[in-house]
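In: For reference, the sequence and a predicted model appear below.
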Amino acid sequence: MSSQKGNISRSRGQKHQNTTAFKNDKYGATVQVKKAKSKIHNGLCQHCKGVLEWKVKYNKYKPLTQPKKCVKCSQKTVRDAYHIICKSCSTQLELCCKCGKKEDIVIPVNSEIDKKEQEEDSHQKKKGDGQHKKDLNDLDSDNDDFDDVDFALGDDDDDEEEDFDSDSGPKKRQKKSVMLPDMSQIKIKD
């Protein structure tokens, strides 16, 4: 047992103790760990803020995949993990978003900052999707630089190089309006 019967305090120290502290990014930080570390825990009391920081520090923080329902307004507006009250209800009622108690809020909720974070997240997702295309376009622009050098040397094999460039690079399609023939002028014979 941790203490003798009737004795509240222990007389000895911890028997097994780690020599090195735990590192949640020891083998390289994953995307989930990076997001958890960069998250600002606002709208929380001191105790709840400490709990969430502990979860992040020891790799126990699991983010929400879908919004939860707020216990005050019953709308699906809670977007932060372990929270029970949405940010708007928290600011109106001056409650902690996690425990729901009326205590001193350490970092107040700023709706403008949250909107900027959401916009940045959406921009990063768009950049992530188009990053591969951007890299391919950069490669194409490098090929164009070599074509300019060939022109300066006076090569006459321009047609072959253009065909080669168009085959190796991604094909770009242009939207063209398709002209349909006028069916009123066509005569059909049986």
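Out: Yes, it's here.
In: and Gln32, helix, strand or coil?
Out: helix (DSSP: H, G, I helix; E, B strand; the rest coil).
In: cool, the one 4 residues further on as well?
Out: Remark: Ala36 carries the secondary structure label helix [criterion: three-state DSSP].
In: now the protein, which segments are flagged as low pLDDT?
Out: Along the chain, segments meeting pLDDT under 70 span 1-4, 111-178, 181, 190.
In: can you pull out the helices in it?
Out: Taking DSSP state H, the helices of the chain run over residues 31-38, 46-57, 87-93, 111-153, 158-168.
In: Buried residues of the third one, list them for me.
Out: To tie it back to what came earlier, the one meant is helix 87-93. Lys87, Cys89, Ser90, Thr91 (16 or more other C-beta atoms under 10 Å). Quick note: C-beta positions are derived from backbone N, CA and C, even for glycine.
In: what's in contact with it?
Out: 43, 70, 72-73, 77, 85, 95-97, 102, 105, 108-109, 111, 114 (C-beta atoms under 8 Å, 6 or more residues apart in numbering).
In: Which one of these is nearest to Gln17?
Out: Lowest distance from Gln17 to these (C-beta to C-beta) belongs to Cys96, with 33.4 Å.
In: Next one: Ala36 from Ser90, what distance?
Out: To Ser90, Ala36 is 21 Å away according to C-beta to C-beta, to the nearest Å.
In: residues near Lys101, how many?
Out: Lys101 has 10 neighbouring residues, counting by other C-beta atoms under 10 Å.
In: For it, what are phi and psi?
Out: Listed backbone geometry of Lys101 is phi -90, psi 150, with angles given as degrees, to the nearest 10.
In: In this structure it contacts Leu95, no?
Out: Yes. Shown here, Lys101 and Leu95 form a contact pair, counting by C-beta atoms under 8 Å, at 6.7 Å.
In: that older thread, selecting buried members of the contacts of helix 87-93 in PyMOL, what would you type?
Out: Entered in PyMOL, the line below selects the buried ones among the contacts of helix 87-93, by 16+ other C-beta under 10 Å:
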select buried, resi 43+70+72+77+85+95+96+97+105+109+114
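In: In the contacts of helix 87-93, find the pair that's most separated.
Out: Comparing every pair within these by C-beta to C-beta identifies Lys102 and Asp114 as the most remote, at 21.6 Å.
In: right, and Gln32 touches Pro63 too?
Out: Yes. Judged on C-beta under 8 Å, Gln32 makes contact with Pro63 at a distance of 7.0 Å.
In: Figure out the length between the terminal residues of stretch 89-99.
Out: Stretch 89-99 has its terminal residues 13 Å apart, counting by C-alpha to C-alpha, to the nearest Å.
In: Same question for stretch 32-47.
Out: Stretch 32-47 stretches 23 Å from its first residue to its last (C-alpha to C-alpha).
In: Stretch 88-102 now?
Out: End-to-end span of stretch 88-102 (C-alpha to C-alpha): 15 Å.
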